[in-house]
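Q: give me a 3D structure for the following:
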Amino acid sequence: MFRMLDTHEFGSQIRKMREELNFTRKQVEELTGVNKETLRKIERGDVVPQITTLQLLSVEYRTDLIKTFNTYKNNNLLLNTNNLIDELLLSHSGTTYSLEYYHITAEDTEICNYIDPIELDQFNSFIHYLPISNLDVKDRKYEAIEGLFESLRLHHEEFDLDNLELYSYSYIELRILFVCGVIYAELKDYNSSNMIFNFLYTQLSIDDFSTSKSKQLYIKLLCNIAYNHHSLDNHALTYEIVNTGIDICNKYNSGYLLEVLLYRKAVAQYFLNDPDAIKTFGHVRAVLEIKNYPEQLKIYSKVTKEKYNIDL
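A: Prediction:
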């Protein structure tokens, strides 16, 4: 979501409310479940808070913060951009077609003076390089990484993987990092990919109030981490990560990428000599049949037979 200049004033108001209640950020986290780092970013005006976050804070702050926030917001374009970013990541992660349709210019909104122009550039860089990153051409993938890194350096001049953890990232910047992690994995640079994904694992979180797209993106992150560990023969870590993902699917009654998580689990069990591997492979087949994915079932069955001599 784009940063609005008004968020600094809104953040100051939020901080003032907390201090008047004699709450520390840690106490607010314990009372509401809102991460103290998230609260710090809101108070500094570094992010536009999500509605669910404001709902949680409103209870303890004894104020309708959504109503308060409405006095600072300027345009629905800004408030809906986070959903658009996640939709693009989830729906167009494999496309090589141009996404320039989503390009946003200052002329697209009457309140362009309220938009951080750097984040506008970062968003447009995101939609420009996402399809390029999916081209099956090594040089184009490196081009996408460098282009996306340059967009991050608009806010963080010295950004590089070696100092990844030195900075605080906005909503769009975390998604840009996600794309870079995927590209590195496709280039078989699993160590660089995991540097990014493991960092995102500490930065992204979901709860009962998270949007379905946020939950799906988190599950997708876990699938990517598991695949990297599998590629590095870290099967115990793969097993641990996929179980976390499966638990999330069960908790939120989501079938999103469940077959992928189960398959990674079955393969990890196979290499760990766990006799339950056969049973888990069977669960994969059951999920694919329930989802009515006959083509994927054929592919999974073929790969499983060829690689592990197991009938799916």
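
Q: quick check, pLDDT for residue 121.
A: For residue 121, the model assigns a pLDDT of 88.

Q: likewise residue 110?
A: We have a pLDDT of 48 for residue 110.

Q: same question for residue 75.
A: Listed pLDDT for residue 75 reads 47.

Q: can you check residue 127 too?
A: 92.

Q: helix/strand/coil for it?
A: Under DSSP: H, G, I helix; E, B strand; the rest coil, residue 127 falls in the helix class.

Q: thinking it is in contact with residue 100, fair?
A: Yes - judged on C-beta atoms under 8 Å, residue 127 makes contact with residue 100 at a distance of 6.9 Å. Every C-beta, even on glycine, is put in place using the N, C-alpha and C of the backbone.

Q: between those two, who's got more neighbours?
A: More neighbours surround residue 127 than the other of residue 127 and residue 100, with 19 against 10 (other C-beta atoms under 10 Å).

Q: so who does the more buried one touch?
A: Residues counted as contacts of residue 127 (C-beta atoms under 8 Å, 6 or more residues apart in numbering) are 88, 99-100, 102-103.

Q: before we move on, what about residue 235?
A: 229, 267-268, 271-272.

Q: let's see that with 10 Å instead.
A: Each residue near residue 235 by C-beta atoms under 10 Å, 6 or more residues apart in numbering is listed here: 229, 264, 267-274.

Q: which SSE is residue 243 in?
A: Using DSSP states H and E, residue 243 sits in helix 235-251.

Q: for that helix, buried residues please.
A: By 16 or more other C-beta atoms under 10 Å, the buried positions in helix 235-251 come out as 235, 237-239, 241-242, 245-246, 248-249.

Q: do the same with stretch 175-191
A: Across stretch 175-191, burial judged by 16+ other C-beta under 10 Å covers 175-185, 190.

Q: got it, and stretch 26-46?
A: Of the residues in stretch 26-46, 28-29, 32, 34-35, 38-39, 41-43, 45-46 count as buried by neighbour count, 16+ other C-beta under 10 Å.

Q: again, but for stretch 16-23
A: Neighbour-count burial for stretch 16-23 flags 17-18, 23 (criterion: 16+ other C-beta under 10 Å).

Q: pLDDT weak spots in the chain?
A: Applying pLDDT under 70 to the chain flags residues 1-6, 70-80, 106-116.

Q: for ChimeraX, what selects the buried ones among the contacts of residue 235?
A: The ChimeraX command for the buried members of the contacts of residue 235 (criterion: 16+ other C-beta under 10 Å) is given here:
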select :229,264,267,268,269,270,271,274
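
Q: just confirm residue 34 is within a helix.
A: No - assigned with three-state DSSP, residue 34 falls outside any helix and is coil.

Q: OK, contacts around it?
A: Applying C-beta under 10 Å, 6+ apart, the residues near residue 34 are 25, 28, 42, 49-50, 52-57, 60, 207, 209.

Q: mind running it again at 6 Å?
A: Listed by C-beta atoms under 6 Å, 6 or more residues apart in numbering, the contact set of residue 34 reads 53, 56.

Q: what's the answer for residue 57, then?
A: By C-beta under 6 Å, 6+ apart, the residues touching residue 57 are 32, 65.

Q: quick one: what helix or strand has it in it?
A: Secondary structure assigned from DSSP H and E places residue 57 in helix 51-61.

Q: ok, back up a step: from the chain's centroid, how far away is the helix holding residue 243?
A: Counting by C-alpha atoms, centre = their mean, to the nearest Å, helix 235-251 is centred 17 Å from the centre of its parent chain.
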